[in-house]
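[1] Structure for this input, please:
(one chain, ligands or ions: 3)
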Amino acid sequence: MSSGPASALPAAPQRLPRRQGPAEGLPLHDSALLRRGEAEAARALPPHALMARAGHAVARLGRALAPHARQAWVLAGAGNNGGDGLVAARLLRAAGLPVSVWLAAEPQAGDACWALAQARAAGLAVSAGGPPQPPEGLGPDDLVIDALLGLGLSARRPPEGPVATALAALEGLPAGILAVDLPSGLAADTGSCAGPAVRARWTLSLLGLKPGLWTAAGRDHAGTIWHDDLGVALPATASTPRLLDAPGCAGCWPDRPHTAHKGSQGDLWALGGAAGMSGAIELAARAGLAAGAGRVHVLRLDPTAAPPGHPALMTRAPEALRGEALARATVVAGCGGGAGVGAWLPALIAGAPRLLLDADALNALATDPALAQGLRTRTAPAMLTPHPLEAARLLGCTTEAVQADRLAAARQLAQRYGAMVVLKGSGSVLAAPDGRSAINASGNAALASGGTGDVLAGWIGGLWAQGLDAWDALRLGVWSHGAAADAWQAARGPGQPLDALRLIEALQNLPRG
Ligand SMILES: NC(=O)C1=CN([C@@H]2O[C@H](COP(=O)(O)OP(=O)(O)OC[C@H]3O[C@@H](n4cnc5c(N)ncnc54)[C@H](OP(=O)(O)O)[C@@H]3O)[C@@H](O)[C@H]2O)[C@@H](O)CC1
Ligand SMILES: Nc1ncnc2c1ncn2[C@@H]1O[C@H](COP(=O)(O)OP(=O)(O)O)[C@@H](O)[C@H]1O
Ligand SMILES: [K+]
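    Residues are numbered from 1 along each chain as shown. Ligands and ions are numbered 1, 2, ... in the order given. I've put the predicted structure just below:
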């Protein structure tokens, strides 16, 4: 065979790289589990080894994050969180960085006493108990270490005494704050704050990652989250919440074989759009189309509404969804549905093999016990996507109660209604009736605009319609919705709102695989 110029023929078809398949995200450990892990590790290790490792990890990261620091200010509490800070202070000083330490109170027992004794023996000046005064000349390149409170923050007891004074002194400092384990004042399990809490630029989570760093007030207080396991492998079970991030979700994208056709990619039916709210259901339908559903039908509750603005959407009367069509359908119901959507739900709950309820469908569910009973006895999977107010209606409590423990609220909803749940908002929480749960790491405040939830509902529905397992569709949908907003923000800088139509574009632009 002669060797000629490169052939103009298309290259032989290459095998597509195999998708890796779904993977579980990083485990998120609650404080009870962390305490047990810490106690077991401490028994197996020489005295003070864990605190020495923690202090090393803090000092090493602090140096890397603030390489131009000319001094460090360490604020330490009287517990082991303070002990970690004292070890870090000693090591930073030994590495040549001038360090000032303010101590809330003398530790009374345990590893923290050892850390304080070591610090003093090394010649570190530790001022205890007086008013916290930032060291002279503390500038933007310098490093502040928050080691006031970690896991030991008493639940529902706002920071008080010298610790509260120190929290006030940390506000408005020019230097970046590195929080040890948790931003002081933030609850590890829930991300709630009973009072003032540190707003860190970085947080180094020790041993395990805590749920509270990722949801509720966590993201606003933790800044960039780092993790050091201190060489301890903590156990995780099927009910340990997982972090939804790119490595955990990228393997879930649906395959699109060469032989794909619109009939093989799933039928999505979007029901909603009462008078004055037809935009909501159109957003959901457009998002479903963008996700890759083969055929998307819009069932509008306002028959007088103008046709949808996207020519690929098919408009039908709600009555069209029955028989064969219903038996094959993935249904997203509720976006802009008004009070009238409830009447359609019994048939959908009984007959749709894949059903997602959002917005007014959730409000109908909250007020109609028969719907709730139907959902519980249904065997096919269902999804609920409430924002905190809708979740509060479904649980019969206040929005504040939902937000005070978002993981618990999502789990409770999943149990009560026998459905998979997304509790939306900063750090959306997912829960399934079988006990699985997850917290989303993607997304940002650019999403705080009307219609982005409608897009989420349709986007998840469009992914689910293509044959994904329900939990995979849910976690991929939630994570990629946030990832699209992150990509948007990365391109434009923080502070830019993202409207729902542009969000659909951003979702289409998100690389898959
Ligand atoms: N042991 C080890 O080797 C390892 C430990 N590790 C580290 O230990 C940390 C947990 O340490 P911890 O359990 O000592 O609790 P910690 O966060 O220091 O708080 C206790 C102090 O806070 C005080 N306090 C509480 N609430 C308050 C309030 N509302 N307002 C004001 N004060 C309040 C409380 O006072 P008290 O309630 O006793 O009056 C006490 O003085 C963990 O986060 C990690 O950093 C890891 O690195 C692994 C290795
Ligand atoms: N601060 C935020 N951080 C991350 N995601 C957010 C934030 N604010 C809103 N979102 C997301 O935007 C969407 C808003 O949904 P929703 O409140 O139902 O809006 P709408 O009803 O107007 O469509 C949800 O997916 C939610 O998680
Ligand atoms: K802290």
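[2] Tell me what Ala382 is bridged to.
    Beta-bridge pairing for Ala382 (DSSP bridges): Leu355.
[3] how close does it get to ligand 1?
    39 Å (CB to the nearest ligand atom, to the nearest Å). (Each C-beta comes from the backbone N, C-alpha and C, glycine too.)
[4] now do Gly273
    Gly273 sits 49 Å away from ligand 1, taking CB to the nearest ligand atom as the criterion.
[5] burial measure for that residue, as a count.
    Per other CB atoms under 10 Å, the neighbour tally for Gly273 reads 29.
[6] can you pull the contacts of it?
    Residues counted as contacts of Gly273 (CB atoms under 8 Å, 6 or more residues apart in numbering) are 279-282, 298, 300-302, 305, 335-337.
[7] Mind naming the longest helix for this structure?
    Counting residues, the longest helix found in the chain (DSSP state H) is helix 470-492.
[8] Show me how the chain divides into domains.
    Annotated domains of the chain cover 31-238, 246-509 [automatic domain parsing].
[9] and of these, who's closest to ligand 2?
    Set against ligand 2 and scored by CB to the nearest ligand atom, these come closest in domain 246-509, at 2.1 Å.
[10] is the strand or helix carrying Leu407 up against ligand 2 anywhere?
    Assessed by DSSP states H and E, Leu407 sits inside helix 406-417. No - figure legend: helix 406-417 not in contact with ligand 2 (CB under 6 Å from any ligand atom); closest approach 11.1 Å.
[11] Show the secondary-structure elements that that helix is packed against.
    Applying 3 or more CB pairs under 8 Å, 6 or more residues apart in numbering; DSSP states H and E, one finds that helix 406-417 contacts helix 369-377, strand 382-384, helix 388-395, strand 420-423, strand 429-431, strand 437-440.
[12] Can you list which of the contacts of Gly273 are found in helices?
    Going by DSSP H, the helices hold 279-282 from the contacts of Gly273.
[13] and which of the residues you listed is nearest Arg492?
    Nearest to Arg492 among the ones in helices among the contacts of Gly273: Gly279, at 23.9 Å, using CB to CB.
[14] what's across from Ala128 in the sheet?
    Ala128 has these beta-bridge partners by DSSP bridges: Leu103.
[15] rewinding a little: any chance of the helices and strands packed on helix 406-417 in JSON lines, with mean pLDDT, mean neighbour count and distance to Ala410 too?
    Shown next, in JSON lines, are the helices and strands packed on helix 406-417 (pLDDT from 0 to 100; neighbours: other CB atoms under 10 Å; distance: least, CB to CB, whole Å):
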{"stretch": "helix 369-377", "mean pLDDT": "97", "mean neighbour count": "15", "distance to Ala410": "16"}
{"stretch": "strand 382-384", "mean pLDDT": "99", "mean neighbour count": "25", "distance to Ala410": "10"}
{"stretch": "helix 388-395", "mean pLDDT": "98", "mean neighbour count": "20", "distance to Ala410": "8"}
{"stretch": "strand 420-423", "mean pLDDT": "99", "mean neighbour count": "28", "distance to Ala410": "4"}
{"stretch": "strand 429-431", "mean pLDDT": "98", "mean neighbour count": "29", "distance to Ala410": "4"}
{"stretch": "strand 437-440", "mean pLDDT": "98", "mean neighbour count": "27", "distance to Ala410": "7"}
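[16] Redo these as CSV? Include distance to Gly272.
    As requested, these are arranged in CSV below (distance: least, CB to CB, whole Å):
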stretch, distance to Gly272
helix 369-377, 16
strand 382-384, 15
helix 388-395, 14
strand 420-423, 17
strand 429-431, 22
strand 437-440, 24
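[17] Please identify which of these is closest to Pro247.
    Across the helices and strands packed on helix 406-417 (criterion: CB to CB), the nearest stretch is strand 437-440, sitting at 13.3 Å.
[18] Please save the CA atoms from that closest one in CSV.
    Below are the C-alpha coordinates for strand 437-440, written out as CSV (Å, rounded to 0.1, in the frame of the first residue of the first chain):
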residue,chain,number,x,y,z
SER,A,437,-28.9,12.4,50.9
ALA,A,438,-26.6,14.9,49.3
ILE,A,439,-25.7,18.6,49.4
ASN,A,440,-24.9,20.5,46.2
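[19] gap between it and the chain center?
    In terms of CA atoms, centre = their mean, to the nearest Å, the centre of strand 437-440 is found 6 Å from the chain centre.
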